[in-house]
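prediction below, plus the sequence it came from.
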Amino acid sequence: MVQQTARIRFYAELNDFLPQAQRMRDQSCQFIAPAPVRHLIELCGVPHTEVELILVDGRSVDLEQRIDGGERISVYPCFERLDIAPLLRVRTEPLREIRFIADAHLGHLVRDLRMLGFDTLFNPQWDDAELARISAAEHRILLTRDRALLMRREITHGCYLRHQPHPVLLKSLIQRLDLCASIDPFCRCIRCNGHVSPADEEAVAQDLPPDRSGIQAPFYRCDDCRQVYWKGSHYRAMLSKIARLCPTTP
């Protein structure tokens, strides 16, 4: 094995991971050859989970493509409005179902994702190894602000979240992953992520607050933790939030 050099360029928002002097331009990447292209990408500080398309000398390749030195590498993020499916080689298979797992700092985001109907696992006690294991085993998109976590080899689907105010963060995630068509509000428990099912008023009566003003049927109960829900002011506020996140096109 010897030290070699390849030319590499990152496009669009992938430049946010680079030092200012290396953005929007070709750069030399020195490495011990041979090496997978994933290794070169992460040597530059870009998590492989942020990458959707890699071209090596103009040819689309996967993350394990061998690089020997002298190649020209172009690295692209997710394309929001351009269908590049025929070109994709980065991942062996797409996710069949949108499911998430979030790290310990994203509790507020987790509640909103569950309220929007997305299966989202969360446990502040899980360490990086456990998050990576679950993400890989259950094919879940890992949500985190930890760039190093997304560089773990076993993680195939992840999303790096920049530090933004929560409303901006939620909207950017919805737009980035094109989630509006997949929203199914109020089908999951915001407390434990379990499924929520209709429940009779008589069956839930003992779990309702003493002051029942403004509380009326229909009622719903989490199949797992047994939390009771109804369509109160919080429900109406969430409907307004969904309308702002995904405004209907006239």
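Everything's here; your move.

okay, now residue 150: neighbour count?
Neighbour count of residue 150, defined by other Cβ atoms under 10 Å: 23. (Glycine included, C-beta is placed from N, CA and C.)

that one and residue 45 touch, don't they?
No - Residue 150 sits out of contact with residue 45 when judged by Cβ atoms under 8 Å, with a separation of 11.2 Å.

all strands for the protein, in order.
2-10, 27-33, 35-36, 53-56, 59-60, 66-67, 72-76, 99-102, 119-122, 141-144, 158-160, 196-199, 219-222, 228-230 (DSSP state E).

who does the longest one pair up with?
Going back to what we said before, that points to strand 2-10. strand 27-33 (antiparallel), strand 72-76 (parallel) (DSSP bridges).

so what's the residue nearest the centre of the chain bridging to?
Nearest residue to the geometric centre of the chain (Cα atoms, centre = their mean): residue 159, 4.0 Å. Residue 159 has these beta-bridge partners by DSSP bridges: residue 143.

residues touching it, list them.
49-50, 141-144, 173, 176-177 (Cβ atoms under 8 Å, 6 or more residues apart in numbering).

apply 7 Å and report the result again.
Contact partners of residue 159, counting by Cβ atoms under 7 Å, 6 or more residues apart in numbering, are 141, 143, 173.

what does the pLDDT read for the last one?
This means residue 173. Model confidence at residue 173, given as pLDDT, is 91.

so how far is residue 101 from residue 44?
To residue 101, residue 44 is 26 Å away according to Cβ to Cβ, to the nearest Å.

quick check: buried residues in the helix ranked longest in the chain?
Secondary structure of the chain read by DSSP state H shows that its longest helix is helix 233-245. Neighbour counts over helix 233-245 (16 or more other Cβ atoms under 10 Å) mark 238, 241-242, 245 as buried.

I appreciate the help and will end here.
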